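Peer 1: Return a 3D structure for these sequence lines:
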Amino acid sequence: MRHILAIPVVVTVALAAGQSFADEKLKVVASFSILGDMTARIGGGKIDLTTLVGAGGDAHIFEPRPADAETVAKAQVMIVNGLGFEGWLDRLVEASGSKAKIAVATAGVETIKPGEDHDEDGHEEAGHAEGEAHADQGHDHGDLDPHAWQSVNNAIIYVANITQALCDADRANCENYKANSAAYTAELAALDAEIRSAIRALPEDRRTAITGHDAFGYFAHAYGVTFLAPEGVSTESEASAADVARLITQIKEDKASALFVESIADPRLIEQIGKDTGVKVGGTLYSDALSGANGPAPTYVDMMRYNARTLTETLAARS
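Peer 2: Sure, this is the predicted structure:
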């Protein structure tokens with residue numbers, strides 16, 4: 001009798017196990033918050049997503065923990081920016097022993113070099129990002145600016161690359177990913193047009209901004225705003241006294257600038273430059289990370305719209 005009673009239990013457990021296996025989601029890891037948001041929009045409820053460097057986190061100085069290695073070890077797909085942005089990536093993957101497919105979101109993006117003065121037509125110095133699996137070029141980012149997401153047209157390329165990576169790993173849900181991607185791409189195209197229109201409304205002599213580090217080169221390249229910064233493309237490096245002095249001299253000579261702090265950076269340097277030049281700080285820009293859910297930039301679309309609005313309102317009001 002005990003054996004007979006046990007049979008329904010075994011069958012029930014087996015059915016439950018089979019249901020759980022059928023409902024298992026694709027395990028995806030995104031390197032930082034902006035990629036995490038993009039991946040979530042495309043993957044929807046079909047993926048199990050973990051973002052390593054969360055909202056408000058600085059991926060330049062991220063130090064992976066053992067728990068991160070465990071997460072990466074279980075991943076089936078990793079979405080990374082590439083262009084040397086994640087200087088810790090190769091070490092983390094090696095330590096984890098992960099077999100995940102690594103998708104470089106910047107593959108095919110038209111790249112620029114740090115510090116280049118670009119306008120909307122300035123493509124002569126540009127290159128193209130390659131889709132290599134491991135894109136670690138060290139903390140100095142090599143010869144390329146990694147902040148390609150600051151152009152919405154580049155973000156559309158990111159979305160295509162992420163979509164392809166999810167489809168390659170999960171054919172059963174590919175049509176779902178493609179549908180989400182198409183809707184997201186249309187939203188991004190509208191956002192790009194919105195930002196272009198807002199910047200064009202600014203007088204040309206009111207399109208210069210100063211930020212903490214050189215994170216907005218692609219925004220400048222795409223939309224025609226000039227950004228000056230005392231620090232390079234990574235927050236790991238500190239501005240030299242000579243760099244700060246040159247920037248202060250330029251600000252005083254131009255008399256046409258606005259200062260902005262960055263959400264991920266210590267504001268004291270920008271605040272000091274403001275005191276030395278008499279230029280007021282015009283607000284906070286989000287460069288390398290999203291805000292928390294209750295902040296002004298919880299998604300990539302929100303971030304780009306908020307940055308554009310903060311820039312244009314401050315620059316337009318500058319005396």
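
Peer 1: Now the most centrally placed residue in the chain: which helix or strand?
Peer 2: Residue closest to the mean C-alpha point of the chain, counted by Cα atoms, centre = their mean, is Ile34 at 4.0 Å. In this structure, Ile34 sits in helix 33-43 according to DSSP states H and E.

Peer 1: helices or strands up against that helix?
Peer 2: Using 3 or more Cβ pairs under 8 Å, 6 or more residues apart in numbering; DSSP states H and E as the contact test, the elements touching helix 33-43 are strand 26-32, strand 47-53, strand 77-80, helix 152-169, helix 174-200, helix 300-317. Every C-beta, even on glycine, is put in place using the N, C-alpha and C of the backbone.

Peer 1: of all these, which lies closest to Arg246?
Peer 2: helix 300-317 (21.9 Å; Cβ to Cβ).

Peer 1: sorry, back to before: go through the helices and strands packed on helix 33-43 and name the closest to Glu110.
Peer 2: Comparing the helices and strands packed on helix 33-43 under Cβ to Cβ, the one sitting nearest is helix 152-169, at 7.6 Å.

Peer 1: Under the pLDDT cut-off, which ranges of the stretch 1-150 of the chain? List them.
Peer 2: 1-23, 115-142 (pLDDT under 70).

Peer 1: for it, what spans make up the helices?
Peer 2: In the stretch 1-150 of the chain, the helices defined using DSSP state H, counting those that start in this stretch lie at 2-22, 33-43, 66-74, 89-96.

Peer 1: quick one: buried residues of the third one?
Peer 2: So that's helix 66-74. Residues of helix 66-74 classed as buried by neighbour count (16 or more other Cβ atoms under 10 Å): Asp68, Ala69, Thr71, Val72, Ala73.

Peer 1: and that helix, what does it pack onto?
Peer 2: So helix 66-74, by 3+ Cβ pairs under 8 Å, 6+ apart, packs with strand 26-32, strand 47-53, helix 89-96.

Peer 1: Let me have these in JSON lines, extended by mean neighbour count and distance to Ala293.
Peer 2: Listed next are those as JSON lines, based on neighbours: other Cβ atoms under 10 Å; distance: least, Cβ to Cβ, whole Å:
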{"stretch": "strand 26-32", "mean neighbour count": "25", "distance to Ala293": "16"}
{"stretch": "strand 47-53", "mean neighbour count": "21", "distance to Ala293": "13"}
{"stretch": "helix 89-96", "mean neighbour count": "18", "distance to Ala293": "26"}
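
Peer 1: Out of the buried residues of helix 66-74, flag the one nearest to Thr106.
Peer 2: Val72 (19.5 Å).

Peer 1: can you tell me which residues contact the closest residue to that closest one other than its chain neighbours?
Peer 2: Closest residue to Val72 in three dimensions, ignoring its sequence neighbours and counting by Cβ to Cβ, 6 or more residues apart in numbering: Ser96, at 4.1 Å. Ser96 makes contacts with Asp68, Ala69, Glu70, Val72, Ala73, as judged by Cβ atoms under 8 Å, 6 or more residues apart in numbering.

Peer 1: Which of these sits closest to Val159?
Peer 2: For the contacts of Ser96, the nearest to Val159 is Val72 (22.7 Å; Cβ to Cβ).

Peer 1: That closest one and Val93 touch, don't they?
Peer 2: Yes. Using Cβ atoms under 8 Å, Val72 makes contact with Val93 at a distance of 6.4 Å.

Peer 1: which residues are in contact with both of those two?
Peer 2: Common contact partners of Val72 and Val93 (Cβ under 8 Å, 6+ apart): Met78, Ala100.
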